[in-house]
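Chemist: structure here, sequence nowhere to be found:
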């Protein structure tokens, strides 16, 4: 062993140097590993940090973060051991072969870990980019990590059994059907993620509704195999990505982007209260400012005046979005009366403000209906029947 020659230079002579050789080799390997690791952590990493802090861009801070640098530094000692192994151990021995295999297995595992860490950093960079932050790319990066891990596992197995990794890959081709069955959800999730991202169908933070899966809330996470939706009752619903492609779901993002939230609700008018207005009623309406410029001087109907006044009132309301449709229309009469539908948009998207404004509008309308001589249809209750019988 070459270690005995090194010891002889220091004046140490022994007939049986085998055990001492191994001790010296082991100490040399540990010392070399420690020194190279110390150089990386105490010199290289601080220099890289100093360089990234001086730049204005953020991508280098994310890509060259502490985790990535430490993973890269873990490779350097092992590579140094591979290069210096012929000096420490005789190349023709079994110990040298085992030592080299262990080093390459470590390098392969550390390399896969470095690749996965870099992919995580690239996802963070894409998430902060204005062009790609709204795309669901997490599943794509997760699939790339799986591919890297599988390739690393094949390389490690090939090192252990001393076979060419390309031959192992060719052998796995015959097992493609089994692999597709094992990774079925991951493959379908990847394809669905690409479709969702390419068509801009879903983004984290979107409000979606999917009654089939009981989902009604905000998308909080999009991964390779699941999409997590936080419902309004704070429960979490998980949906497979391919379900969003194969089935139908409702995305409310367009409403938030438009800046207006639709109000579509009907009030049922008692048809027995619809009638022509006489001159006195028209004069009273004019004094109260309840007539619009669209009325003619002929036979005016109180429901027509109310509908026209209501639409004009909505157009002047400061909380109604003037750039979107504003309409008050009459629907098909029903046994419950004539539906008068209001179709307009609230000038905002906040849920609480929207509900409060909608309630205020219809409370005011219900109070104004009797002013036009109209009545709201309401199914008779017990007190109504009791009062009718008493009269």
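Modeler: Now that the structure is in, tell me what you want to look at. If you're wondering where the values come from, they're calculated on a predicted model, not measured in any experiment.

Chemist: show me the protein divided up by domain.
Modeler: 2-133, 196-255, 259-372 (automatic domain parsing).

Chemist: wait, residue 204 sits on residue 228?
Modeler: No: taking contacts as Cβ atoms under 8 Å, residue 204 lies outside contact range of residue 228: 9.5 Å. All C-beta atoms are positioned from the backbone trio N, CA, C, and that covers glycine.

Chemist: where do the contact lists of those two overlap?
Modeler: 219, 220, 221, 222 (Cβ atoms under 8 Å, 6 or more residues apart in numbering).

Chemist: what's the burial count for the first one?
Modeler: I take that to be residue 219. Residue 219 has 22 neighbours, counted by other Cβ atoms under 10 Å.

Chemist: over to residue 162?
Modeler: 8.

Chemist: so where's the stretch 151-300 of the chain uncertain?
Modeler: 169-179, 182, 198, 292-298 (pLDDT under 70).

Chemist: tell me the SS of residue 216?
Modeler: strand (DSSP: H, G, I helix; E, B strand; the rest coil).

Chemist: quick check: closest non-adjacent residue to it.
Modeler: Leaving aside its chain neighbours, residue 216 sits nearest to residue 209 (4.9 Å; criterion: Cβ to Cβ, 6 or more residues apart in numbering).

Chemist: list the beta-bridge partners for the one you found.
Modeler: Per DSSP bridges, the residues bridged to residue 209 are residue 216, residue 250.

Chemist: which residue packs closest to residue 149, ignoring adjacent ones?
Modeler: residue 112 (5.9 Å).

Chemist: surely the one you found forms part of a strand?
Modeler: No: with three-state DSSP as the criterion, residue 112 is assigned helix and is not in a strand.

Chemist: hmm, residue 152 and it touching each other?
Modeler: Yes: counting by Cβ under 8 Å, residue 112 touches residue 152, with 3.5 Å between them.

Chemist: distance check, the most centrally placed residue in the chain against residue 350.
Modeler: The residue lying closest to the centre of the chain (Cα atoms, centre = their mean) is residue 204, at 2.8 Å. Shown here: residue 204 relative to residue 350, a distance of 20 Å by Cβ to Cβ, to the nearest Å.

Chemist: same thing with residue 54?
Modeler: Taking Cβ to Cβ, one finds residue 54 at 43 Å from residue 350.

Chemist: more neighbours, these two?
Modeler: residue 350 (12 against 8).
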